[in-house]
Every structure is written in structure tokens, then in C-alpha cells.
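Q: predicted model follows, preceded by the sequence.
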Protein chains: 2
Amino acid sequence: MLRISKMTDYAVVLATHLAAADGAHAARDLALQTQIPEPTASKVLKKLARAGVVISQRGAKGGYALARRPEQIGIHEVIEAIEGPIAVTECSDESTDSFCEYETNCGVRANWQRINLAVQAALSEISLADMAFPGTGELISIALSSKDAERMRGAGTQGNDVH
Amino acid sequence: MLRISKMTDYAVVLATHLAAADGAHAARDLALQTQIPEPTASKVLKKLARAGVVISQRGAKGGYALARRPEQIGIHEVIEAIEGPIAVTECSDESTDSFCEYETNCGVRANWQRINLAVQAALSEISLADMAFPGTGELISIALSSKDAERMRGAGTQGNDVH
DNA sequence: GCATATGGGACTGAAACGGTCCGGTATATA
DNA sequence: TATATACCGGACCGTTTCAGTCCCATATGC
């Protein structure tokens, strides 16, 4: 699977929506526009606010707005806001000191961490601006480069800042 | 999270173990050597056999062995054997024709697929041989290929792998 | 003061996950 | 041929996680 949860999916949609139409918007309005159930959208937005991806304004005329410009927000921030640190396996998550009980037998830990880093790197390449205003060509290189080893390096070395 | 399930973790450990000590081994022995509970190990091995990652021999003196040489088996095969197709979100899974109900609003689909490809590419880089016999230098290039060096802090320094 | 809007957390039903167990079948060996 | 060994397929179950809802407290504009 390696599957991202529905909540995270919502978060990306909401954040993308905020990126496309900037300024402050009430959770209710965002929910209507994105067709996400209102309580759920609200819950997601709260988490985004806590993580610093969006800023919130309470009270009448309040609402949510992006904390920074879309091109300065990486998609991994949105994902981590909902799901916590991105870690492929328990033992590759450096933050939790969960020691691997099989470590002496498996010797797999270090490799998982590298895989993990590769995934994180792939996600770091994509900004909210890329999601909100696609087709500017940058992402294509990632899609087309998925054939062999050079792709990671290639995608990583070119600047993804076109917008 | 982007977290891989425990079962998949077991699968990698078992496959790695088979890669390191080739020939056929009974599920029971593998379970003992890897300290994975026997019924669970058995279940995982069955799935690996079905997916063609390992071959099985029934009857007395039977057991499991790798279907191919370790360097010819990518870990994404092992992962997919347990978890099914690697897809980050529902709508980025091309196999299921689950149409995205928000598609007109989100326009996110294509980007998810690119992210997905990047993840798959990252996983395709690693073979079972890399997991079983690390330190041959191949993986290092991937780890270092991310330009986001700050995320990589300590990745290279964490070379305490080989057991 | 009041309407509006977010903050925080409790709660619930459903689904997935981790793990176990059992009857069936294939095969090597005595 | 009889028997022990070992995989095959799937049912089963307790626990956890997930998606979604609801409520009350708090902050703010008018």
C-alpha cells in the first residue's frame, strides 16, 4: 500500500484550494467549495494550523489562510501535519526510540532509513504551488525519469522553483 | 506516516534471510532464525510464494527458496506481494477504476501519480542483495542524492548497520 | 452583547491489522 | 505402501486505527 490516509488527501485538497484562491476563508466555505464534509474539513484545517501550514483567525470574519506562499510550502509538510513524521517502518523512525527487537538478526534498519530518505526527498520536491498550478513542466521530469537510478539524482539536482 | 505494515516488514526480513543463506528452508526454521512467530511467518511466506518472490517445495524436506537471485529481486516486489499495488492515494491507483469524486475541484490527481512514481522509483532501486549484503556503495548514492541536505543529517553518519 | 468562527477533545461505528488455528494436499523416506 | 513432514487455503478473532460527528470553550468583529 504505502497508502496515504483519506484525511491527508483532504488536507492536500484544502491546502491546494487555499493556494489557488488566496486570502482568508472560513472552514465552512472551504468545505462547501471542496465538497468535503464540514466537520471533517474543520478537523483537518485545525491540524494544518497547528503544524503551521496555515494560519487561523478566530472570531467573526475569521478563517484560514496559507501561512506562507504556496511555492514555499512543501507537500511533505501537509502530509506530516496530518500523519506525523514520515517513516516507512517503525524502526526507521528516528524520533521514536523504539528499538528494533530483531535488529541483530535483520540488519535491515539502515537500508529502511535510506529508502525512507528517498521517499522524503521525492515528496520534498513538490510544493503546494506545483499542486495548485500544474503543467509548468517541472514535475514531468520526475514522471519521465522513473526508469532507472539516474532519476532520483536528476530530479534532485535541478531546481524546482520555476513559478 | 506513509507507514509500511508489520507484515511487510516481516516479509523483508524473511526474504533477506533467504537471500543471505540460500537453498531451501522450512517455514519453521526461518521463523526460529528470524524470531518471527511461526504462524505469522508461514502466512507471510505463503504470500511471497504466490507473488513469485519465493518458490515453495511441499512435502517432507520441503521449504522455501528465493525464486531468483537476490540481486534480481527488488524490494518493491516484496512489498507488493504483501500489500498489493503501491499507490499513495485511492485516486492515484490506476488499477482500481475508482473515479475521484472531487476531481473537478481538486485537479490533484496527476500530481499524486507523479509522487507515486517517484516513490516506486525509489523502491525499485533496492534489491534484496542490497538488503542482505549492504555496504557495497550502491545505496549511498541514493541516500545522498537528495538536495535537501538538511533532511539527510546523520544519514551517512549512521553507518552502524552491518551485523 | 451577540453572532460568528476557530480550538480542543470526547465519542462512535466501521474497517483494517496482527496473529492464530485447522483441515486438506503433496512428497520424501522407510 | 505407510507415515511423517511441510506447504496451501481460508476461517476466525481480539485489538487498533480510521473516518466522521458532536459539543463546549474561547476569541473577535460589529
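A: Yep, that arrived.

Q: any regions of chain A where pLDDT drops low?
A: A:1-2, A:87-111, A:114, A:134-163 (pLDDT under 70).

Q: give me that answer again for 80
A: Filtered on pLDDT under 80, chain A yields the residue ranges A:1-3, A:22, A:86-122, A:133-163.

Q: ok and the residue in it nearest DNA strand C?
A: residue A:56 (3.3 Å; Cβ to the nearest atom of the strand). Using the backbone N, CA and C atoms, a C-beta is placed for each residue, glycine as well.

Q: close to DNA strand D: what parts of chain A are there?
A: Counting by Cβ under 7 Å from any atom of the strand, the residues of chain A lying close to DNA strand D are A:5-7, A:10, A:37-40, A:42-43, A:57-62.

Q: need the buried ones from the residues you listed selected in ChimeraX.
A: In ChimeraX syntax, the buried subset of the residues of chain A next to DNA strand D is picked out as below (16 or more other Cβ atoms under 10 Å in any protein chain shown):
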select /A:10,42,43
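
Q: tell me, how many residues neighbour the closest residue to residue A:38 other than its chain neighbours?
A: In space, not counting the residues next to it along the chain, residue A:38 is nearest to residue A:31; the distance is 4.1 Å by Cβ to Cβ, 6 or more residues apart in numbering or on different chains. Using other Cβ atoms under 10 Å in any protein chain shown, the number of residues around residue A:31 comes to 21.

Q: buried set for the helix or strand where residue A:31 lies?
A: Using DSSP states H and E, residue A:31 maps to helix A:27-34. Buried residues in helix A:27-34, defined by neighbour count with 16+ other Cβ under 10 Å: A:27, A:29-31, A:34.

Q: those also near DNA strand C: which ones?
A: Within those, those near DNA strand C by Cβ under 7 Å from any atom of the strand are residue A:27.

Q: mind putting the buried residues of helix A:27-34 into CSV with distance to residue A:17?
A: Shown next, in CSV, are the buried residues of helix A:27-34 (distance: Cβ to Cβ, whole Å):
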residue, distance to residue A:17
A:27, 12
A:29, 10
A:30, 6
A:31, 10
A:34, 6
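
Q: those helices in chain A, which residues are they?
A: In chain A, the helices defined using DSSP state H lie at A:6-20, A:27-34, A:38-50, A:75-83, A:103-106, A:109-124, A:128-132, A:138-144, A:150-157.

Q: how about the residue lying closest to residue A:20 once chain neighbours are set aside, what does it touch?
A: Leaving aside its sequence neighbours, residue A:20 sits nearest to residue A:132 (Cβ to Cβ, 6+ apart; 4.6 Å). Counting by Cβ atoms under 8 Å, 6 or more residues apart in numbering or on different chains, residue A:132 makes contact with A:16, A:19-20, A:70.

Q: from residue A:31, how far off is the residue of chain A found nearest DNA strand D?
A: The minimum distance from chain A to DNA strand D, using Cβ to the nearest atom of the strand, falls at residue A:59 (2.1 Å). Distance of residue A:59 to residue A:31, given as Cβ to Cβ, to the nearest Å: 19 Å.

Q: hang on, the earlier thing: residues in contact with the residue of chain A closest to DNA strand D?
A: By Cβ under 8 Å, 6+ apart, residue A:59 has no neighbours at all.
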